[in-house]
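# show me how the following folds:
(3 chains)
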Amino acid sequence: MSEKETQYFIEAYEEKRAALPGAGGWLARRREAAMDAFREAGLPHRRLEDWKYTDLRQTLEKAAFAPAPAHEGAVVLPGRRSASAFASIDRHVLIFVNGRYRADLSQVAHLPKGVELHALADVVHEQWAKDLVERRFDDARQAENIVDLNTALMSDGACLRVRKGVKLDKPLHLLFVAQDAGASHTRNLVLLESEAEATIIETHVGEVASFTDIVTDIAIGEGARLNHVKLQDEASDAVHLATMRARLAADAKLSSFALTLGCGVSRGQSFVLFSGEGAEANIDGAYALRNKQHADQFCVIDHAVPACTSHTLFKGALDGKSEGVFQGKVIVRPHAQKSDGRQMTHALLLSRDAAMNAKPELEIYADDVQCAHGSTVGELSKDSIFYLRSRGIPEDEARRLLVLAFLDEALDLTPHDLARDALKLLVSEWFGEVAL
Amino acid sequence: MAAVKETVETVGEIEKYKYGFFTDIESEKAPIGLTEDTVRFISAKKDEPEWLLKWRLAAFRRWQTMTEPTWAKVTYPPIDFQDAYYYSAPKQTAKLDSLDQVDPKLLETYEKLGIPLTEQKMLAGVAVDAVFDSVSVVTTFKEKLAEAGVIFCPMSEAVRNHPELVKKYLGSVVPTSDNFYATLNSAVFSEGSFVYIPEGVRCPMELSTYFRINEKQTGQFERTLIIADKGSYVSYLEGCTAPQRDENQLHAAVVELIAHDDAEIKYSTVQNWFPGDEEGKGGVYNFVTKRGDCRGANSKISWTQVETGSAITWKYPSCILRGDNSRGEFYSIAISNGRQQVDSGTKMIHLGRNTTSRIISKGISAGRSSNTYRGLVSVHRKAENVRNFTQCDSLLIGDRCSAHTVPYIETKNPTAILEHEATTSKISDDQLFYCMQRGIGEEEAVALIVNGFCRDVLQQLPMEFAVEAQKLVGISLEGSVG
Amino acid sequence: MSMLEIKNLHVTVGGKEILKGIDLDIRAGEVHAIMGPNGSGKSTLSYVLAGRDGYVVTEGSVRFKGKDLLEMSVDERAAAGIFLAFQYPLEIPGVTTMTFLKTALNAQRKARGEEELDAVRFLKLVREKSKPLNVSDEMLKRSLNVGYSGGEKKRAEVLQMSLLEPALAVLDETDSGLDIDALKTVAEGVNALRSPERAMVVITHYQRLLDYIVPDVVHVLSRGRIVKTGGKDLALELEKSGYAEYGADAA
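Numbering: from 1, shown residues only, chains lettered A, B, ... in the order given. Alright, predicted model coming up:
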């Protein structure tokens, strides 16, 4: 396959392979295989069911991305509030510019004993890293296959390992700044051993035409707990493709919340696999879009073992000509009795030209389960607006209040108090820029 | 109440598939296989006009370029389309003037099915068109219907007597190029019912077609066309059975409904084709395209289906809501047991303003079966004030079956309000224990609870069918507990 | 002759022994109260009599009207005349109370070789039985126990009992969740069913219910054994002293 849109990636691979982390080892072979698979399949397009509503091939055809250059020297953070949204939180900060870790800009002091934090190149020789990178979920192959592109080209990433029973003292903040136009491929690896705890906050900002391709591979041990907060507010001509793959052992808990405000086209994929009983996953998010923005949330939860709980709630406000997508699937495998899987998606259309597509799926192979999904799409209730106005609240303010209240239900699920407040503030400011 | 009592009585008395008998009757078949000659043979047998033959041939050529769809959650060995008969008709003396001339064996068959065709025994208020393999055997109450101006006859007769109507409407909802099975049907359809309700007429009785596949290795390809002209109303019932056979039989029907301004069509199906045995041997492959076009303003089309039979069901009765203020409804009970596979649902395409739709789907899986709801609700940019409510509930009985829900919700208009809910549940041991403590046997208790689960849909069926449907619910689930 | 004869009954639930040798002899016409602290095995006894899955009899026997009760299935026991008024009546969506009553009654009549009731006779019977219990037609048309208040559920249980006319009625904590007026209505319904042919077992934690349904015999159940048997005064004693002397953790 020699299509234009894949050509940049293939060339980048040929050019850089020798300099990428893990050259000469297992990873080099893995990269080779991944590149072959990517060459064969090409970029996913809308004739593939999992990409029905987001045509990545077409998107990258319109705006082809050469690799983003390495950026040296000073970085000016974008003017957006998002870049400093979490500044008031006491945290460790790792800064990535154009997808590369910048130790000189980061602040990581005195990590507790039992917490190991490295750049990708420093851990690829370790078995745990290999296990995480090589693991496939295979619940939605068409969606997961795009990880091959990342595997072939991943150049850096944050790799966190928290040893048994250890608690990361404060949130780890990963701040990704797209400083120059181009593509970056980042791979984060997170391993929480049993009874460990950590909170990771992830911010993506930029004001250039960037293509962020990021994969986060997570393993959560028995009784361990991971909180994850993500904020994506990149430029309107940027493309964001993020995949999170998380495997949960018995009684593990993952709470993830993603707020999407930026990008022309973004797609967030979450794959959760329960491998031990009693585990719990909350995969939630909110998005507020306008102009021609397009955001796709793709979420697959695999109840492979009994007695696990998964809750998903995505809420979005769509203005301008924006388009929201939610595709979700809860799978309950044979004998995974006592599974509890809930998946909800609600969207508000604020303008004549906004559109929403939802496909919440259930795939159930066990009978003693509680599974449900729900989806609603609509505009703001005229009755509610009228009621508020009758109490003297101007229409614009009434609409703003109602949309915020609508999104609040999701934002409340942010698994970190200060981060939640920061996200709420950002969303309320979002309305300052949009006439409802 | 009475119906439930009957359900309870019937469950346990009736053998697994009581329609599994075969009627030994001489028949005339097209040569095995499918070529242009087969299409010409069928057309010639039916003495069709040239335009219809051309229409069929165009479809056939198109079909040859198509491939079978694979997106449904069903698996089956490849179908050899050349190893089947595409036309089979009971041999009888040319044209029938009255019931007396119908082969008594045929009448007996329908008696056994519980569908009496002799008018004195008939259910009051239901006119029946009976289709045996590929041809219509008899249509009852013709005169009474004619008085009201209602046309209710076999499709072949409509082609002869009302060519202008057939030409105008055939393929106007499901075009010949629509999908693999619909295109196949367009090429080889042999029979079906034709209904035309003139302007302002409320059809004086329920219309009913009873389909039966009798011959072995025979595909059945009916084509049904119902037109409700302005301000008219019709309620149409369809029932299906087939003999118990080891090999699979193909059924690929097409149903087209057209509702003009202020018209209403209510289409009910009780589908009980042979589902195959417990090991999944035999059974009907039911690949059906059903679509209604709410062409006029304020029109309404309502689909109600009770799907208990067939080895494979692939069926999505849909509504194109074109006319302003039109309404589409889909009420479905799909029961799968043994090794049955069901992939069924609906599409509600909202094109007109103020169009509304309602989807209530109840899937019950037992045994080792697989039961999928697949549905689309789509709102086009210019469709203002659309409302949709969708409720998909799955009930699982036992831990070897599966239930899937695959809804697509697409809107491009902010004034639309779309709500979708889906749940899965099982019959709890506590519920069963409670019923049994009151003296109700286990299978009766299951039937009772399942009937309760399906109540919203059963209520939509005309009385005559509701009783049969309730019985079927019980029978289909026999042996599913314990 | 005894109606119900329980001898040395041992029962385990999930591998744990709950009943550790119960002896009980109940004759027609008698009302027995079984009292005891939480966790003493009261509900287990009622479920064993009704035949619920998961309650394993490891030793002993239960004879009902001279027959081996343990050999019978749940619905056979019901048809033979055992009725359990549930502490928590089950909800069955979509099945109206009326349909349920008729299905149950006719299933039992059929099992006993009696003629089934037609719609007209059935309706007359239900109306007659529901009136004193304040069960309205509207309630009968609703799905069984769905959306019923606590009092409505218990009244519906008593209505089922009066309609099915069992030989032995087991009332499991029928007073739980009832205010005093609802309790009186339910008790009146139960008392109306007392007859020389019928026996009752009233299971309760509190004496309160026994003010309204006066028992002939009171048993105290503790840690899986009947530790004391006496007349109705025993209940009053318990009310004063609590279950402490019977080794209970809580009264």
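
# okay, now the unreliable bits of the chain?
You didn't say which chain, so I picked chain A. A:1-2, A:433-436 (pLDDT under 70).

# um, chain C though
Scanning chain C with the threshold set as pLDDT under 70 gives C:1, C:247-251.

# would you map the helices across it?
Applying DSSP state H to chain C gives helices spanning C:42-50, C:74-80, C:97-111, C:119-130, C:137-141, C:150-164, C:180-192, C:208-212, C:233-241.

# among these, which comes closest to residue B:273?
Closest to residue B:273 of the helices of chain C, according to C-beta to C-beta: helix C:97-111, at 29.4 Å. Every C-beta, even on glycine, is put in place using the N, C-alpha and C of the backbone.

# taking helix C:150-164 as reference, get the angle to the closest one.
Computed by axes from the mean of the first three to the mean of the last three C-alpha atoms, to 10 degrees, the angle separating helix C:97-111 from helix C:150-164 equals 30 degrees.

# do helix C:97-111 and chain B meet at all?
Yes. Contact of helix C:97-111 with chain B (C-beta under 8 Å from any C-beta of the partner chain) involves C:98, C:99, C:100, C:102, C:103, C:104, C:105, C:106, C:107, C:108, C:111.

# in the stretch 201-350 of chain B, what residue lies closest to chain C?
Nearest residue of the stretch 201-350 of chain B to chain C (C-beta to the nearest C-beta) works out as residue B:333 at 11.8 Å.

# now do the contacts for that residue.
By C-beta atoms under 8 Å, 6 or more residues apart in numbering or on different chains, residue B:333 lies in contact with B:305, B:306, B:307, B:308, B:362, B:364, B:454, B:457, B:458, B:469, B:473.

# any idea how far chain B is from the residue lying closest to residue A:276 once chain neighbours are set aside?
In space, and not counting its chain neighbours, residue A:276 is closest to residue A:250: 2.9 Å by C-beta to C-beta, 6 or more residues apart in numbering or on different chains. The gap separating residue A:250 from chain B is 21 Å, by C-beta to the nearest C-beta, to the nearest Å.

# can you check residue C:17 too?
Applying C-beta to the nearest C-beta to residue C:17 and chain B gives a distance of 22 Å.

# isn't that residue right next to residue C:56, touching?
No. Contact between residue C:17 and residue C:56 fails when scored by C-beta atoms under 8 Å: they sit 9.6 Å apart.

# any shared contact partners between those two?
By C-beta under 8 Å, 6+ apart, residue C:17 and residue C:56 have these common neighbours: residue C:11.

# with mean neighbour count and distance to residue A:272 as new columns, can the helices of chain C be given to me in TSV?
Formatted as TSV, the helices of chain C follow (neighbours: other C-beta atoms under 10 Å in any protein chain shown; distance: least, C-beta to C-beta, whole Å):
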stretch	mean neighbour count	distance to residue A:272
helix C:42-50	23	39
helix C:74-80	23	41
helix C:97-111	22	42
helix C:119-130	15	52
helix C:137-141	14	45
helix C:150-164	22	40
helix C:180-192	17	47
helix C:208-212	19	50
helix C:233-241	15	54
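
# just send these back as CSV, with distance to residue A:192 too.
Conversion of these to CSV gives the following (distance: least, C-beta to C-beta, whole Å):
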stretch, distance to residue A:192
helix C:42-50, 43
helix C:74-80, 49
helix C:97-111, 52
helix C:119-130, 60
helix C:137-141, 54
helix C:150-164, 46
helix C:180-192, 53
helix C:208-212, 54
helix C:233-241, 54
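
# what would those look like in TSV with distance to chain A?
Below are the helices of chain C laid out as TSV (distance: least, C-beta to the nearest C-beta, whole Å):
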stretch	distance to chain A
helix C:42-50	20
helix C:74-80	20
helix C:97-111	23
helix C:119-130	34
helix C:137-141	28
helix C:150-164	23
helix C:180-192	32
helix C:208-212	35
helix C:233-241	39
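
# that older thread, and the residue of the stretch 201-350 of chain B closest to chain C, helix, strand or coil?
Following DSSP: H, G, I helix; E, B strand; the rest coil, the label given to residue B:333 is strand.

# ok, it to residue A:399 distance?
Distance, residue B:333 to residue A:399, using C-beta to C-beta, to the nearest Å: 42 Å.

# and residue B:237, by the same measure?
Distance, residue B:237 to residue A:399, by C-beta to C-beta: 49 Å.

# which one's more surrounded, these two?
Of the pair residue B:237 and residue A:399, residue B:237 is the one with more neighbours under other C-beta atoms under 10 Å in any protein chain shown, namely 23 against 20.

# the more buried one pairs with what?
Counting by DSSP bridges, residue B:237 is bridged to residue B:208, residue B:268.

# who's in contact with residue B:320?
Residue B:320 neighbours (C-beta under 8 Å, 6+ apart): B:173, B:291, B:292, B:293, B:294, B:349, B:351.

# tell me which element it falls in.
Take DSSP states H and E as the rule and residue B:320 turns out to sit in strand B:318-321.

# check contacts around the residue nearest to residue B:380 when sequence neighbours are not counted.
Once flanking residues are discounted, residue B:380 sits nearest to residue B:351: 5.3 Å by C-beta to C-beta, 6+ apart. Residues in contact with residue B:351, defined by C-beta under 8 Å, 6+ apart, are B:320, B:321, B:322, B:380, B:382, B:383.

# buried subset of these?
With neighbours counted by 16 or more other C-beta atoms under 10 Å in any protein chain shown, those contain buried members at B:320, B:321, B:322, B:380, B:383.

# right, and the last one touches residue B:356 too?
No. Residue B:383 sits out of contact with residue B:356 when judged by C-beta under 8 Å, with a separation of 10.7 Å.

# list the residues that contact both of these two?
Joint contacts of residue B:383 and residue B:356 (C-beta under 8 Å, 6+ apart) are residue B:321.

# now the contacts of residue B:351 as TSV including pLDDT and distance to residue B:192?
Converted to TSV, those look like this (pLDDT from 0 to 100; distance: C-beta to C-beta, whole Å):
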residue	pLDDT	distance to residue B:192
B:320	97	20
B:321	98	24
B:322	97	24
B:380	96	31
B:382	94	34
B:383	96	32
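
# which of those sit farthest apart?
B:320 and B:382 (14.2 Å).

# of the contacts of residue B:333, which belong to strands?
B:305, B:306, B:307, B:362, B:364 (DSSP state E).

# tell me the contacts of residue 346?
Unless you meant another one, I'm taking chain A. Counting by C-beta under 8 Å, 6+ apart, residue A:346 touches A:313, A:314, A:315, A:316, A:374, A:375, A:376, A:377, A:406.

# oops, chain B please
Contacts for residue B:346 (C-beta under 8 Å, 6+ apart) come out as B:303, B:316, B:317, B:318, B:319, B:330, B:332, B:359, B:361, B:375, B:376.

# kindly recompute the last result at 6 Å.
B:316, B:317, B:318, B:330, B:359, B:375 (C-beta atoms under 6 Å, 6 or more residues apart in numbering or on different chains).

# the third one - how many residues pack around it?
If I follow you right, that is residue B:318. 24.

# beta partners for it?
residue B:291.

# same check, this time on the last one
Residue B:375 has the following beta-bridge partners by DSSP bridges: residue B:346, residue B:407.

# distance of it from chain C?
From residue B:375 across to chain C, the span is 22 Å (C-beta to the nearest C-beta).

# tell me which residues touch that residue, please.
Counted by C-beta under 6 Å, 6+ apart, residue B:375 has contacts B:345, B:346, B:407.

# quick one: which of those residues is nearest residue B:445?
Relative to residue B:445, the closest of these is residue B:345; by C-beta to C-beta it sits at 29.0 Å.

# how many residues are close by that closest one?
When neighbours are counted by other C-beta under 10 Å, residue B:345 registers 26.

# likewise the one 5 residues further on?
Residue B:350: 32 surrounding residues under other C-beta under 10 Å.

# residue A:403 belongs to a helix?
Yes. Checked against three-state DSSP, residue A:403 lies within a helix.

# what bridges to the nearest residue to it once chain neighbours are set aside?
Closest residue to residue A:403 apart from its sequence neighbours, by C-beta to C-beta, 6+ apart: residue A:317 at 5.2 Å. Beta-bridge pairing for residue A:317 (DSSP bridges): residue A:288, residue A:348.
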